[in-house]
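# What follows is a protein structure lacking sequence information:
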């Protein structure tokens with residue numbers, strides 16, 4: 001009995017019955033909530049008669065939704081409106097890109113700010129002071145982009161460019177008329193031809209240089225750097241280049257129209273400049289050879305101040321070459337339309353000045369005369385005690401040459417102990433000179449720069465230039481570029497690394513640099529100049545194919561507006577030319593913003609050591625654009 005009772009309570013429940021019960025209860029709940037939802041969302045309708053028919057307009061108001069109007073009929077379904085009701089107007093078709101650097105007037109296509117002919121009229125004409133650098137005041141500085149003349153074209157490649165240039169690039173025919181019989185330049189169709197002639201070398205510059213080479217050695221590498229005063233179209237410098245002699249040519253603005261501009265268009269180093277009252281922008285002992293071919297400089301006047309400046313920039317043992325009046329006046333005095341007495345007096349005065357500088361006249365043959373500077377001043381100092389003529393300069397930095405007044409005193413050479421010793425130590429012949437430790441470094445005269453640092457810097461720039469060529473395909477293409485500018489050259493490492501390319505580099509040492517290293521650049525057999533980049537450079541627009549600068553904007557960050565420097569870079573850079581700047585990333589970001597505003601194609605790339613360096617590299621290309629056709633300008637003026 002007990003077992004029977006326990007079995008009733010221990011009996012397992014019936015599973016099919018439980019499942020049916022659960023399913024029935026679930027269906028009931030779902031049905032209940034479905035009808036509840038229908039009741040809660042049932043519409044409230046209002047009817048309004050529509051005139052002219054029996055249809056009614058029904059407005060359905062749903063909770064939490066904006067009211068929507070539709071028309072319902074007994075025979076058609078609801079029509080929904082899917083069209084957009086919010087539109088943003090398109091920008092006007094005439095909107096233009098906003099830029100911080102507007103375009104200058106086409107009349108300024110050859111603007112040289114610090115050699116402006118109108119501004120020069122305010123300054124004294126004696127001693128050619130009015131032709132020197134006279135930069136605009138701060139409020140006069142133009143902050144617009146200089147246009148290339150209409151029809152401007154990329155110059156032909158070197159060495160082809162030595163012989164001809166596009167007329168549209170330098171649209172001046174004055175020299176073709178004035179120097180027609182002297183073979184400076186000829187106009188043919190759409191281009192200029194440069195036969196290589198000159199006033200004193202009617203057989204051509206090549207033959208003239210051959211004549212010089214018979215008088216001094218131009219083949220052994222002892223002569224590498226040269227200075228051409230009053231250069232004309234720089235044919236002398238152009239025909240020295242195949243001989244591995246690198247000349248800096250200069251002439252004042254508009255003595256003859258566009259002569260320096262022609263030189264640069266040909267791919268020959270040149271600057272606008274004049275010997276007047278301030279020193280030439282080069283260090284002492286820079287050039288192996290200086291040259292004047294009828295350059296119209298009164299060498300014997302003003303107590304010989306002009307030859308004294310040439311002496312400062314000549315290295316010990318360097319040569320000064322003069323052709324033209326008064327040399328060989330006995331044969332030419334009638335053609336020169338001067339009296340024999342006048343020409344003889346001029347030559348006598350030149351000989352007297354040269355002697356006061358302790359120069360030795362090596363030779364005079366035909367129309368060429370050559371003097372040589374002594375290798376040291378031991379003998380010169382002895383003669384000073386006897387003859388008491390031209391004194392030596394006292395306590396004046398011989399390398400200071402930025403707005404530094406010239407003087408008639410003689411720049412002393414570094415001291416030596418032996419009459420046969422070369423002051424400042426002798427230089428290696430070219431090409432060994434490029435990589436040999438420069439005497440200014442080996443002698444310890446540059447504080448903080450050692451021979452080991454020089455060698456490391458040379459190797460560093462080889463790697464950097466190799467990396468640059470992976471960033472800028474135009475720089476990597478041999479012959480694409482000819483005229484290069486390094487705005488902060490230091491020891492000239494960038495130029496040295498480019499030595500095997502068919503280019504020349506103008507190495508600039510800023511006057512604000514901590515150490516004046518331009519003398520080292522010249523001792524390496526390279527060329528350069530001083531410059532304050534808060535001012536414009538003494539060159540024409542569109543001078544350079546490529547511009548490089550290392551830490552330049554950091555150097556000038558607190559000195560002047562970096563936008564002014566960039567506008568100047570745009571002025572002297574050719575259309576389709578390139579720029580490579582290396583600097584701190586924060587500085588380059590500022591530079592890039594304005595580069596974009598000037599419509600350069602600019603990008604910032606990683607340092608050659610990788611992305612974790614703060615120093616970055618900005619690569620930019622100036623776009624090709626020119627002034628509009630003159631007819632369009634006239635229509636706009638109307």
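It's in. Computed from a predicted structure; not experimentally measured. Numbers count the residues shown, from 1 in each chain.
# what about residue 452, neighbour count?
10 (other C-beta atoms under 10 Å). In short, each C-beta sits where N, CA and C put it, glycine included.
# The one 10 residues further on now?
When neighbours are defined as other C-beta under 10 Å, residue 462 has 14 of them.
# I'd say it and residue 497 touch.
Yes. Between residue 462 and residue 497 there is a contact at 4.9 Å, judged by C-beta atoms under 8 Å.
# Residue 484 sits in which helix or strand?
For residue 484, the host element (DSSP states H and E) is strand 483-486.
# Name the next helix or strand following the lengthiest strand in the chain along the chain.
Selection of the longest strand in the chain by residue count, based on DSSP state E, yields strand 573-584. Toward the C-terminal end, the helix or strand that comes next after strand 573-584 (DSSP H and E) is helix 585-597.
# mind listing what's buried in that following helix?
Within helix 585-597, the residues scored as buried using 16 or more other C-beta atoms under 10 Å are 587, 588, 590, 591, 592, 594, 595, 597.
# what's the answer for stretch 181-198, then?
Neighbour-count burial for stretch 181-198, counted by 16+ other C-beta under 10 Å, picks out 182, 183, 184, 185, 186, 191, 192, 194, 196, 197, 198.
# thought the third one was touching residue 200?
It stands for residue 184. No. Using C-beta under 8 Å, residue 184 is not in contact with residue 200; the gap is 11.8 Å.
# Now do residue 464: how many residues are near it, please.
For residue 464, using other C-beta under 10 Å, the count is 20.
# Revised request: answer the last question for residue 500.
Residues lying near residue 500 (other C-beta under 10 Å) number 7.
# Distance check, it against residue 521.
Counting by C-beta to C-beta, to the nearest Å, the separation of residue 500 from residue 521 is 18 Å.
# what does residue 375 give?
Using C-beta to C-beta, which is the criterion applied here, residue 375 is 22 Å from residue 521.
# now the strands for the stretch 201-350 of the chain?
Secondary structure of the stretch 201-350 of the chain (DSSP state E, counting those that start in this stretch): strands located at 225-229, 246-251, 270-272, 287-293, 314-323.
# Of these, which is nearest residue 236?
Residue 236 sits nearest to strand 225-229 of all those, at 5.4 Å, using C-beta to C-beta.
# strands paired with that closest one, and their directions?
When sheet partners are counted by DSSP bridges, strand 225-229 sits next to strand 246-251 (parallel), strand 287-293 (parallel).
# quick one: buried residues of the shortest one?
So the one you mean is strand 246-251. With the criterion 16+ other C-beta under 10 Å, strand 246-251 contains buried residues 246, 247, 248, 249, 250, 251.
# OK, contacts around the fifth one?
The reference is to residue 250. Residues in contact with residue 250 (C-beta atoms under 8 Å, 6 or more residues apart in numbering) are 227, 228, 229, 230, 231, 260, 270, 271, 272, 273, 274, 280.
# same thing but at 10 Å, please
Residue 250 makes contact with 227-231, 234, 259-260, 263, 269-275, 280-282, 295, 529, 538, according to C-beta atoms under 10 Å, 6 or more residues apart in numbering.
# Could I have the PyMOL command that selects the buried members from those?
In PyMOL syntax, the buried subset of those is picked out as below (16+ other C-beta under 10 Å):
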select buried, resi 227+228+229+230+231+234+259+260+263+269+270+271+272+273+274+275+280+281+282+295+529+538
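# Is the spatially most central residue of the chain in a helix, a strand, or coil?
Among the residues of the chain, the one closest to the centroid is residue 547, at 3.6 Å (C-alpha atoms, centre = their mean). The three-state label given to residue 547 by DSSP: H, G, I helix; E, B strand; the rest coil is strand.
# That one reaches residue 618, doesn't it?
No. With contact defined as C-beta atoms under 10 Å, residue 547 and residue 618 do not form a contacting pair (11.3 Å).
# okay, and the common contacts of those two?
Both residue 547 and residue 618 are contacted by 579, 580, 581, under the criterion C-beta under 10 Å, 6+ apart.
# Which positions are bridged to the last one in the beta structure?
This means residue 581. Partner residues in beta bridges with residue 581, using DSSP bridges, are residue 549, residue 618.
# If you tally nearby residues, what's the number for it?
27.
# can you check residue 167 too?
Taking other C-beta under 10 Å as the criterion, the count of residues near residue 167 is 18.
# related to what we said a few turns ago, give me the more crowded residue out of residue 375 and residue 521.
When residue 375 is set against residue 521 and neighbours are counted by other C-beta under 10 Å, the residue ahead is residue 521, at 30 against 20.
# Now render the strands paired with strand 225-229 as TSV, adding distance to residue 631 and mean pLDDT.
As requested, the strands paired with strand 225-229 are exported to TSV (distance: least, C-beta to C-beta, whole Å; pLDDT from 0 to 100):
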stretch	distance to residue 631	mean pLDDT
strand 246-251	34	96
strand 287-293	42	97
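# Kind regards, and thank you for your time.
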